[in-house]
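S.K.: The sequence and its predicted three-dimensional model are supplied below.
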Amino acid sequence: MIAPRAPAFAAAAPLRAVELDDVAGRPQVVAWDRATGQRRVLTRARHGVDACDLEPDGGHVWWFDADPDGVGAWRRQPFDGGPAAPALTGLPRGRPYGIAFDHAGTLAVVCVGRDAESRYHLGTPGGPARPLATVAGYAPLVDLSPDGTLLALAGRPAGPPAVTVVRRTDGHTEALAGGPHRRVWALEFRPDPAGDAELLLVVEAGGHYTVGTWRPGRDVRLHERLAFDTEITAHWHVDGRRVLVQQDRAGRSRLLLADLDGGEPVVLPTPPGTILELACAPEGAIHYVWSREATPPRRLVVDPAADPRPTPGPPAVPGRREVWTPQPYGRIHSFLATPPGTGPWPTILLLHGGPFLHDRDSYDPRVELLTGAGYAVARTNYRGSTGYGPRWRHDFGHRVGLAQLEDLDAVRRHLVDLGVAQPGRIGLCGYSWGGYLVLLALGVAPDDWAVGLAVSPVADYATAHRATLPAVREADEELFGGTPAEVPDRYRAADPMTYLDRVRGPLFVAAATDDERCPAEAVGRYVAALRDRAVPHEVLWTTGGHHGDPAGQSAVFAALLRYATAVLPPSGPAPASPSQDHRDRRGPTPDRPEGGECNEATHCAARPDQHGRAGPRRRHRQDAPRS
């Protein structure tokens, strides 16, 4: 299933917008003529489109044409239809690290990730690209001021230059500093070409996330009325003085509209659940994508100037509830789904990636399939998860993985005590960083888990750190407090390879040979060691990169579910045969490039968290750490 996305509106052409929608199983750009209500599919990209935007006058659409590994080029296509052409001629292929336009649409700035560098180019849309600057590592473009003079670039939120603002005319820079107890994210410039440039920020300090603003030559101004105890993101409203604030707390969202000049923020009437993405239309209405546990994502609209009554949400669904597991350091929050009837049931803990993400009160088709097969499913927001405040996100030292396993073990025992989970019949399933936790758990605590199901995992941390993308490498270094060379003991303690001699299985692993976030080289080393130790396992090698396409995602999950029901059947004991299961359904792999059996399947990782490296997830900033 491809979730709908919030529309992008043309700033100077209010009746033109674009959306990303499911077209024959892939996301494609759909042009929306708001005057007539007509929607028209604009692109037929082979691998789908995950990033697009409209020029301010609405005449042309920019969309990123990427290979499965995320490398590609920006295309420019008329809104009314016609062939696509290079958005800027001479722009090198790479990863989309941001685009932005000035208010008039006469200038575009593009950042491309290439060769472990962030390369900035500018030009007139459709014209030649002129190199502007090159920065080592992952330094995405945040925004361009409406008058086209200032560029905001993202650094590490806790770094000395958390944000760098560059004056394009003379190269003068101003840096906004983060630090050990202060993190800063830049979001976007105020959409007012006539006034002074003003950059919207979120600042984490003192246990709160606070909306901030910055103007050239001045210090950051914190708006203390807009301080929150859990993660937020913010957007300028189209009027240029109010801001929209989305707060995520314990897996649910709320949306507020606040005037920066005074007055109390107004909570907008949105139904209970999760806001996955939002955009502000030129007339002021808020278009957002909303979901709830048993309700697939849908587009909704709230108008701050209209009737304040909330849109009613769907009724509660039987078999859905929340579980809070008390621990000395806080309460661990889980969303629980159970099959019909009475428990206890065989249980799967379905682990989110990140780790700086969280499971939400939103639809996950994997939950429906697992409960339909007879399993109880718990989605646990272990330490490191967002939505529970800075302490829950950061305060577990550098005990990467091990602290999270403590949380999962506590939830496992709690579910048994509640009569939900059958003792000895509890497994783990995870994707990306969640898959890493599966592999780590089956080595650290093999007696606790009846099966491990890992898709695109981090399997060998030191190898993965070396071979992964710059953005992911930076996230690793924040987690561990350094590189593998600087803090080797921390990486060794968190590495699934360290505990291989204790792994007993059964274990299912699916990985893509062209995954650049969780590299196949690392997975290949791990599964070779499983074979050497005769650990019961099955390996499915695929292609399609870290995320892949919906058909491939479904194929991998079908294989995963088949394996789970064989080794942990929903009723009765597991059969004896898996002890001899060492199957390796292989495509091209690091140690066998010619390949073998291969289906082009991959997994459906969680979407990148909207509170990303530089604030909210924007349609033209797609590269993110592991998810």
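M.R.: It's in.
S.K.: drop to CA atoms for contacts and neighbour counts, all remaining ones
M.R.: Fine.
S.K.: got any ranges where the stretch 101-250 of the chain has weak pLDDT?
M.R.: Applying pLDDT under 70 to the stretch 101-250 of the chain picks out no residues at all.
S.K.: I'd like the distance between residue 216 and residue 156.
M.R.: Distance from residue 216 to residue 156, counting by Cα to Cα, to the nearest Å: 20 Å.
S.K.: same thing with residue 261?
M.R.: For residue 261, the distance to residue 156 - Cα to Cα - is 30 Å.
S.K.: Looking at these two, which has the bigger crowd around it?
M.R.: Each of residue 261 and residue 156 has its neighbours counted (other Cα atoms under 10 Å); residue 156 has more, 23 against 8.
S.K.: wait, isn't that one in contact with residue 162?
M.R.: Yes - contact criterion Cα atoms under 8 Å: residue 156 and residue 162 qualify, at 5.1 Å.
S.K.: can you pull the buried residues of stretch 52-65?
M.R.: 52-58, 60-65 (16 or more other Cα atoms under 10 Å).
S.K.: can you map out the helices along the protein?
M.R.: 365-372, 390-394, 402-417, 433-444, 461-467, 470-480, 488-494, 520-532, 550-567 (DSSP state H).
S.K.: Quick one: closest of these to residue 22.
M.R.: helix 550-567 (10.0 Å; Cα to Cα).
S.K.: Low-confidence ranges, the stretch 401-550 of the chain, go.
M.R.: Checking the stretch 401-550 of the chain against pLDDT under 70 turns up 548-550.
S.K.: ok, the closest residue to residue 67 other than its chain neighbours - contacts?
M.R.: Of all residues not flanking residue 67 in the chain, residue 47 sits nearest, at 6.5 Å (Cα to Cα, 6 or more residues apart in numbering). Taking Cα atoms under 8 Å, 6 or more residues apart in numbering, we find residue 47 in contact with 26, 65, 66, 67, 68, 549.
S.K.: The first one pairs with what?
M.R.: Beta-bridge pairing of residue 26 under DSSP bridges involves residue 23.
S.K.: Am I right that it is in contact with residue 41?
M.R.: No - contact between residue 26 and residue 41 fails when scored by Cα under 8 Å: they sit 11.8 Å apart.
S.K.: neighbour-wise, which of the two wins?
M.R.: Using other Cα under 10 Å as the criterion, residue 26 and residue 41 rank with residue 26 on top: 20 against 17.
S.K.: Next, count neighbours for the closest residue to residue 179 other than its chain neighbours.
M.R.: Spatial nearest neighbour of residue 179, excluding adjacent residues (Cα to Cα, 6+ apart): residue 158 at 4.5 Å. Neighbours of residue 158 under the rule other Cα under 10 Å: 19.
S.K.: try residue 525
M.R.: When neighbours are counted by other Cα under 10 Å, residue 525 comes out with 16.
S.K.: and the closest residue in space to it that isn't next to it in sequence, backbone torsions?
M.R.: Nearest residue to residue 525 in three dimensions, chain neighbours excluded: residue 460, at 7.5 Å (Cα to Cα, 6+ apart). Per-residue torsions, residue 460: phi -140, psi 100 (degrees, to the nearest 10).
S.K.: Let me know the distance separating residue 460 from residue 500.
M.R.: For residue 460, the distance to residue 500 - Cα to Cα - is 11 Å.
S.K.: Comparing the two, which shows the higher neighbour count?
M.R.: Higher neighbour count among residue 460 and residue 500: residue 460, with 26 against 20, using other Cα under 10 Å.
S.K.: what pairs with residue 452 across the strands?
M.R.: Going by DSSP bridges, residue 452 forms beta bridges with residue 428, residue 507.
S.K.: what sits against it?
M.R.: Residue 452 makes contact with 427, 428, 429, 438, 439, 442, 505, 506, 507, 508, according to Cα under 8 Å, 6+ apart.
S.K.: contacting residues around the third one?
M.R.: Pointing back at residue 429 there. Neighbours of residue 429 in contact, by Cα under 8 Å, 6+ apart: 348, 349, 350, 351, 435, 438, 452, 453, 454.
S.K.: cool, the fifth one as well?
M.R.: Going by Cα under 8 Å, 6+ apart, residue 439 touches 452, 454, 457, 459, 496.
S.K.: likewise the last one?
M.R.: Residues counted as contacts of residue 508 (Cα under 8 Å, 6+ apart) are 452, 453, 454, 537, 538, 539, 560, 563.
S.K.: Likewise for the first one?
M.R.: With contact set as Cα under 8 Å, 6+ apart, residue 427 has these partners: 347, 348, 349, 449, 450, 451, 452, 453.
S.K.: for the second one, same thing?
M.R.: Contacts for residue 428 were tallied using Cα under 8 Å, 6+ apart; they are 348, 349, 350, 351, 438, 449, 451, 452, 453.
S.K.: May I ask which of those has the most neighbours?
M.R.: Per-residue neighbour counts (other Cα under 10 Å) across the contacts of residue 428 peak at residue 438, which has 34 neighbours.
S.K.: Domain ranges for this protein, per the record?
M.R.: 1-139, 320-585 (automatic domain parsing).
S.K.: closest one to residue 252 among those?
M.R.: Using Cα to Cα, those put domain 320-585 closest to residue 252, at 5.8 Å.
S.K.: sorry, back to before: between the contacts of residue 508, which sits nearest residue 200?
M.R.: Using Cα to Cα, the contacts of residue 508 come closest to residue 200 at residue 454, 38.8 Å.
S.K.: Can you report how many residues neighbour that closest one?
M.R.: By the criterion of other Cα under 10 Å, residue 454 has 28 neighbours.
S.K.: coming back round to it: can I get the contacts of residue 439 in CSV including distance to residue 525?
M.R.: As requested, those are exported to CSV (distance: Cα to Cα, whole Å):
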residue, distance to residue 525
452, 18
454, 15
457, 12
459, 8
496, 11
